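Visitor: with the sequence up front, the predicted model follows.
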Amino acid sequence: MTNIAILASGSGTNAQRICEYFSNHPDIRVRLILSNKPDAYVLVRARNLNIPCHVFSRDSFYHTTYIQDLLIKEKISFIILAGFLWLIPASLLELFAGRIVNIHPALLPKYGGKGMYGERVHKAVIEAGERESGISIHYVNEKYDDGDVILQARCPVMPDDTPEKLAARIHELEYQYYPEVIERIVMSDER
């Protein structure tokens, strides 16, 4: 059994979709959900799905081995970011080299980087007059939204789009592709 941990900072719709996708998987399970925000709704989702969850501080994330020790103790093989907004520290990047994956709600390299998340991304795409947007699933490195892209999926930007309308189409792509890509990566790593 391959254990994955999800790091999330917000509502957790992608985290829930991933948990549901792997709930009866014979080879992969979501073992932990970790959040840097004690009031993040993802923690409610984790409890409702009976998945252990932990909250951590900026200090413990960047200046202690608390997270690394927890991931090792729980035999975590992959880290999945689902709306997690902090850079991953070098110690985690080293420990999980090639085994940390993120999803971004735009077609990278455009509209990525620090501060580009959620509605901000969709607003920037619309204001730039883009005809399409989409998702980018990528490996994580020491920079925001800079790791090698694994998969991009596209959707049109409509003339009357608002950030909310575009976000709804982007979410559908995320829910469809993110769990499948995670499964493919984890299963290919095991072989």
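Guide: All right, it came through fine.

Visitor: so where is this protein shaky, pLDDT-wise?
Guide: Scanning the chain for pLDDT under 70 picks out 190-191.

Visitor: top helix in this protein by residue count?
Guide: Ranked by number of residues, the top helix in the chain under DSSP state H is helix 163-190.

Visitor: the helix or strand harbouring Ile4 pairs with which strands, parallel or anti?
Guide: Assessed by DSSP states H and E, Ile4 sits inside strand 2-8. If you go by DSSP bridges, strand 2-8 pairs up with strand 28-35 (parallel), strand 76-81 (parallel).

Visitor: tell me the angle of the first one relative to helix 163-190?
Guide: It refers to strand 28-35. For strand 28-35 against helix 163-190, the angle between stretch directions is 130 degrees (axes from the mean of the first three to the mean of the last three C-alpha atoms, to 10 degrees).

Visitor: for strand 28-35, buried residues please.
Guide: Buried residues in strand 28-35, counted by 16 or more other C-beta atoms under 10 Å: Ile28, Val30, Arg31, Leu32, Ile33, Leu34, Ser35. Just so you know, the C-beta spots here come from the backbone N, C-alpha and C atoms, and that holds for glycine as well.

Visitor: do the same with the last one
Guide: Of the residues in strand 76-81, those buried under the neighbour-count criterion (16+ other C-beta under 10 Å) are Ile76, Ser77, Phe78, Ile79, Ile80, Leu81.

Visitor: contact partners of it?
Guide: Strand 76-81 has contacts (C-beta atoms under 8 Å, 6 or more residues apart in numbering) with 2-8, 18, 31-32, 71, 88, 92, 96, 99-103, 140, 182, 185-186, 189.

Visitor: buried ones among those residues?
Guide: 2-8, 18, 31-32, 71, 88, 92, 96, 99-103, 140, 182, 185-186.

Visitor: measure the residue nearest to Val149 when sequence neighbours are not counted to Gly129 for me?
Guide: The shortest distance from Val149 to any non-neighbouring residue, by C-beta to C-beta, 6 or more residues apart in numbering, is to His138 (4.7 Å). Distance, His138 to Gly129, using C-beta to C-beta, to the nearest Å: 25 Å.

Visitor: between these two, which one's more packed in?
Guide: His138 (23 against 7; other C-beta atoms under 10 Å).

Visitor: would the more buried one count as being in a strand?
Guide: Yes - secondary structure of His138 (DSSP: H, G, I helix; E, B strand; the rest coil): part of a strand.

Visitor: doesn't Ile150 make contact with it?
Guide: Yes - between His138 and Ile150 a contact is recorded at 5.9 Å, counting by C-beta atoms under 8 Å.

Visitor: between those two, what contacts are shared?
Guide: Counting by C-beta under 8 Å, 6+ apart, the common neighbours of His138 and Ile150 are Val101.

Visitor: to Asn50, which of the strands paired with strand 2-8 lies closest?
Guide: strand 28-35 (10.5 Å; C-beta to C-beta).
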